[in-house]
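J.: sharing a model that was predicted from the sequence below.
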Amino acid sequence: MPQPLDAAAVRRWCALGREALRAHCARMDAINVFPVADGDTGTNLCLTFEAACEALPARDTARDTNGDPGAGAALRAMARAALLAARGNSGAILAEYLRGMARGLDEGAGAPAERLCRALRGGASAAYAAVAHPVEGTMLTVAEAAAAAAEAGHDPAAAARRTLDATPDRLAALARAGVVDAGGLGLTVLLTALWAALGEQVPDEEPAAATGAASPAAAEPAEPAEPAASPAAPAALPADGLPQAPRRPEFEVMYLLAAEDPAAVDALRARLDPLGDSLVVGGGEGLWSVHVHVADAGAAVEAGLAAGRPHRIRITHLPTAGDAAGHDATGGPRCAADGPGRPPDPGARVVVAVVPGEGLAALCRQAGAVVLSARSVPAGAAVDGIDGIDEGALVAAVRATGAGEVALLPNDSGLHPLAARAADAVRAVGIRCAVIPTRAAVQGLAALAVHQPDRRFDEDVVTMTSAAGATRYGEVTVAERRSWTSAGICRRGDVLGLVDGDVALIGSGTGQVATEVLDRMLAAGGELVTLVLGADAPAGLAAALERRVRERHLAVDTVVHEGRQHETQLLIGVE
């Protein structure tokens with residue numbers, strides 16, 4: 001009969017689990033072949049679980065919702081810390097597993113065996129629910145086997161080990177490589193440590209098949225496995241209802257999402273699902289962890305912006321068949337120029353930026369960018385070209401650089417379709433071109449700030465995309481006519497405050513509107529405020545806003561630029 005799963009047992013589990021994961025970390029990394037052979041499952045699980053353990057309260061004073069000593073409270077603290085620190089697909093699932101264990105304990109009191117059953121069942125159910133398309137032969141299968149064994153009165157750790165040994169029989173990628181599932185091994189190690197923390201005997205030998213190294217087949221990306229029969233959300237389809245063959249995922253995208261509306265998170269799942277695979281969305285109570293493998297990292301970040309406020313964005317390049325076959329990080333072929341004009345220099349890289357205002361253009365040039373000038377378009381306007389910036393102009397600007405690698409910053413949502421078509425056109429003549437999905441000039445500045453031409457092209461694109469996606473943008477402008485907005489009806493001459501492209505408030509004074517926009521943007525946190533002053537900005541506006549930041553938002557830095565753009569009085573960026 002196991003000892004009670006109380007706060008003391010959770011502490012013992014943390015100590016034993018951390019030690020065991022560290023001991024198996026290198027083996028897990030070595031046998032990591034599914035869903036991507038990127039050799040980091042052990043590292044991800046170790047870092048995620050260690051962050052969870054660090055979050056345990058200093059004293060065992062908390063109590064569960066049912067009045068029992070605080071195992072549930074301890075697990076909730078661990079789950080939140082794991083959510084914040086989750087690394088990779090396995091770390092995201094582990095965070096949800098811990099969250100589910102806490103929920104299981106919150107369901108009521110009972111004998112030690114009953115409480116353990118509820119915790120393990122809660123963990124397995126939460127892990128399955130977080131994964132868009134559960135696959136058998138993974139750590140999910142191990143979680144289910146342990147829960148079922150506990151409910152039947154058997155040893156859950158022994159069941160986990162037996163199930164781990166059988167994972168190659170359930171997943172072809174594992175059978176080809178001759179290894180067990182790396183994530184399944186990690187969870188088996190943790191369940192064995194939990195069983196020992198509850199005073200039960202565990203075998204001295206290590207889990208079978210855990211010491212083998214991956215075969216040469218493991219170096220190739222695994223074939224997608226059939227979805228499990230476990231509950232999962234159906235795959236989303238494009239708007240026309242017809243399935244389309246997705247591009248092979250090349251990036252792992254992870255971020256935390258601040259979103260109060262669960263319906264927005266459900267919509268995010270549906271939007272991310274057709275973009276790639278390995279989709280895991282977990283969390284709750286306004287904070288969510290998002291993990292997905294995609295071909296278009298920018299689209300994954302854009303989806304998060306539509307659902308709430310993504311932050312702590314991490315984008316990692318995945319090993320793909322496209323790399324070996326000679327494709328770049330954007331899906332374009334790596335080939336010699338075969339079109340008209342001089343061949344691009346494969347060793348040269350430039351950034352082409354579309355910006356409004358002479359001051360912004362000068363800033364971008366100082367950062368090494370080639371600049372095209374354009375006016376911003378009103379939010380929601382249907383356009384196909386902005387003040388002389390059309391597909392042809394973008395293609396000409398890219399080709400005129402003579403560079404073999406080009407990052408394109410449209411800096412306006414209205415230019416995204418044109419930029420995408422221009423990128424396709426220049427790829428056809430051998431130029432590696434990536435569109436960084438910047439929707440405002442301040443996002444372009446953030447991307448330029450981290451641009452490093454001596455990095456690998458795909459790494460540079462990932463870093464720039466991440467910096468742009470982590471920057472919220474605001475704008476203060478004057479209405480040119482009476483119209484409907486998301487904040488109500490505005491009249492000609494009203495001052496409009498926009499946040500992330502939508503009109504958030506209508507006022508009569510630039511200073512008052514700018515202050516409110518800034519406060520709203522900083523309410524969700526921030527580390528750096530960028531103010532870009534337009535040609536018609538009132539005198540003293542920047543000084544007043546800098547003072548506001550110092551007084552109301554400690555540890556936030558402010559940078560001011562003279563943009564001299566005519567369409568807006570002020571651009572605001574918050575990173």
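T.: Great, that's in hand.

J.: give me phi/psi at Ala258?
T.: phi -90, psi 110 (degrees, to the nearest 10).

J.: for it, what are its contacts?
T.: Counting by Cβ atoms under 8 Å, 6 or more residues apart in numbering, Ala258 touches Gly286, Leu287, Gly308, Arg309, Pro310, His311, Ala524. (C-beta placed from N, C-alpha, C; glycine too.)

J.: is Gly430 in a helix, a strand, or coil?
T.: Assigned with DSSP: H, G, I helix; E, B strand; the rest coil, Gly430 falls in the coil class.

J.: and it, its phi and psi?
T.: Main-chain dihedrals, Gly430, degrees, to the nearest 10: phi 90, psi 10.

J.: what's the pLDDT at it?
T.: Note on Gly430: pLDDT of 85.

J.: right, and it touches Arg399 too?
T.: No. Applying Cβ atoms under 8 Å as the test, Gly430 and Arg399 come out as separate, 10.5 Å apart.

J.: have a look at these two and say which one is more surrounded.
T.: Arg399 (21 against 18; other Cβ atoms under 10 Å).

J.: any idea which helix or strand carries the more buried one?
T.: According to DSSP states H and E, Arg399 maps onto helix 391-400.

J.: chain center to that helix: distance?
T.: Taking Cα atoms, centre = their mean, to the nearest Å, one finds helix 391-400 lying 31 Å from the centre of the chain it belongs to.

J.: how about it: buried residues?
T.: Glu391, Ala393, Leu394, Val395, Ala397, Val398, Arg399 (16 or more other Cβ atoms under 10 Å).

J.: dump the residue contacts of the fifth one.
T.: If a contact means Cβ under 8 Å, 6+ apart, then Ala397 has Val352, Val370, Leu372 as its contacts.

J.: wasn't the second one part of a strand?
T.: Yes. With the criterion set as three-state DSSP, the secondary structure at Val370 is a strand.

J.: sorry, back to before: common neighbours of Gly430 and Arg399, please.
T.: Counting by Cβ under 8 Å, 6+ apart, the residues touching both Gly430 and Arg399 are Pro344.

J.: pull the CA atoms of stretch 448-458 into CSV?
T.: Written as CSV, here are the backbone C-alpha positions of stretch 448-458 (Å, rounded to 0.1, in the frame of the first residue of the first chain):
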residue,chain,number,x,y,z
LEU,A,448,16.5,45.1,-37.6
ALA,A,449,17.9,45.4,-34.0
VAL,A,450,18.6,41.7,-33.9
HIS,A,451,19.7,41.2,-37.5
GLN,A,452,23.1,39.7,-37.8
PRO,A,453,24.3,39.0,-41.4
ASP,A,454,27.1,36.6,-40.2
ARG,A,455,24.5,34.1,-38.8
ARG,A,456,23.0,31.3,-40.9
PHE,A,457,20.2,32.7,-43.0
ASP,A,458,17.5,30.6,-41.5
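
J.: what residues of it count as buried?
T.: For stretch 448-458, using 16+ other Cβ under 10 Å, the buried residues are Leu448, His451, Phe457, Asp458.

J.: end-to-end on stretch 470-489?
T.: By Cα to Cα, to the nearest Å, the extent of stretch 470-489 from end to end equals 31 Å.

J.: over to stretch 434-446?
T.: In stretch 434-446, first residue to last residue: 16 Å (Cα to Cα).

J.: could you give the mean pLDDT of it?
T.: 90.

J.: report how many residues lie close to Ala362.
T.: When neighbours are defined as other Cβ under 10 Å, Ala362 has 16 of them.

J.: quick one: what helix or strand has it in it?
T.: Going by DSSP H and E, Ala362 is part of helix 358-366.

J.: test my guess that Met413 contacts Leu498.
T.: Heads up, residue 413 is Ser, not Met. No. If you go by Cβ under 8 Å, Ser413 and Leu498 don't touch, sitting 12.0 Å apart.

J.: more neighbours: which of these two?
T.: Ranked by neighbour count (other Cβ under 10 Å), Ser413 and Leu498 place Leu498 first, with 25 against 19.

J.: quick check: the gap between the more buried one and Arg472.
T.: Here the criterion is Cβ to Cβ, to the nearest Å. By it, Leu498 lies 11 Å from Arg472.

J.: and for Ala124?
T.: Distance, Ala124 to Arg472, by Cβ to Cβ: 37 Å.

J.: among the two, which residue is more densely surrounded?
T.: Neighbour count, other Cβ under 10 Å: between Ala124 and Arg472, Ala124 has more, with 27 against 24.

J.: quick one, what contacts the more buried one?
T.: With Cβ under 8 Å, 6+ apart, Ala124 has these contacts: Tyr97, Gly100, Leu140, Ala143, Glu144, Ala146, Ala147.

J.: nearest to Pro168 among these?
T.: The closest of these to Pro168 turns out to be Leu140 (Cβ to Cβ; 15.6 Å).

J.: so the closest one: helix, strand or coil?
T.: Here Leu140 is helix, with the state taken from three-state DSSP.

J.: how many neighbours does it have?
T.: For Leu140, using other Cβ under 10 Å, the count is 24.

J.: the closest residue to it other than its chain neighbours and Val280, how far apart?
T.: Nearest residue to Leu140, sequence neighbours excluded (Cβ to Cβ, 6 or more residues apart in numbering): Pro134, at 5.2 Å. To Val280, Pro134 is 10 Å away according to Cβ to Cβ.

J.: equivalent analysis for Arg481, please.
T.: Distance of Arg481 to Val280, given as Cβ to Cβ: 46 Å.

J.: the two: which is more packed in?
T.: Val280 (23 against 8).

J.: hang on, that one is in a strand, isn't it?
T.: Yes. Under three-state DSSP, Val280 sits within a strand.

J.: residues touching it, list them.
T.: Asn89, Ala92, Ile93, Glu96, Ala130, Val131, Ala132, Ser289, Val290, His291, Val292.

J.: swap in Ala81?
T.: Applying Cβ under 8 Å, 6+ apart, the residues near Ala81 are Ala51, Ala52, Glu54, Ala55.

J.: between the residues you listed, which has the most around it?
T.: Sorting these by how many neighbours each has (other Cβ under 10 Å) puts Ala52 first, at 28 neighbours.

J.: hang on, it packs against Ala82?
T.: Yes. Using Cβ under 8 Å, Ala52 is in contact with Ala82, at 4.1 Å.

J.: which neighbours do the two share?
T.: What both Ala52 and Ala82 touch, as defined by Cβ under 8 Å, 6+ apart, is the set Leu94, Ala95, Leu98.

J.: give me the buried subset of those.
T.: Buried members of the shared contacts of Ala52 and Ala82, counted by 16+ other Cβ under 10 Å: Leu94, Ala95, Leu98.

J.: shouldn't the last one be in contact with Leu75?
T.: Yes. Look at Leu98 against Leu75 with Cβ under 8 Å: they come within range, at 5.8 Å.

J.: can you pull the contacts of the closest residue to Val142 other than its chain neighbours?
T.: Distance criterion Cβ to Cβ, 6+ apart; nearest residue to Val142, sequence neighbours excluded, is Gly184 at 4.4 Å. For Gly184, the contact set (Cβ under 8 Å, 6+ apart) comprises Gly137, Thr138, Met139, Thr141, Val142, Thr163, Leu164, Thr167.

J.: Thr43 too?
T.: Residues near Thr43 by Cβ under 8 Å, 6+ apart: Cys25, Met28, Asp29, Arg87.

J.: so how far is Thr163 from it?
T.: From Thr43 to Thr163 the distance is 23 Å (Cβ to Cβ).

J.: any low-confidence regions in the chain?
T.: Applying pLDDT under 70 to the chain flags residues 1, 57-69, 108, 204-247, 319-343, 357, 373-389.

J.: 50 instead, please
T.: Low-confidence segments of the chain (pLDDT under 50): 61-69, 209-246, 320-342, 375-388.

J.: verify the stated contact: Ala468 with Thr438.
T.: Yes. Contact criterion Cβ under 8 Å: Ala468 and Thr438 qualify, at 4.8 Å.
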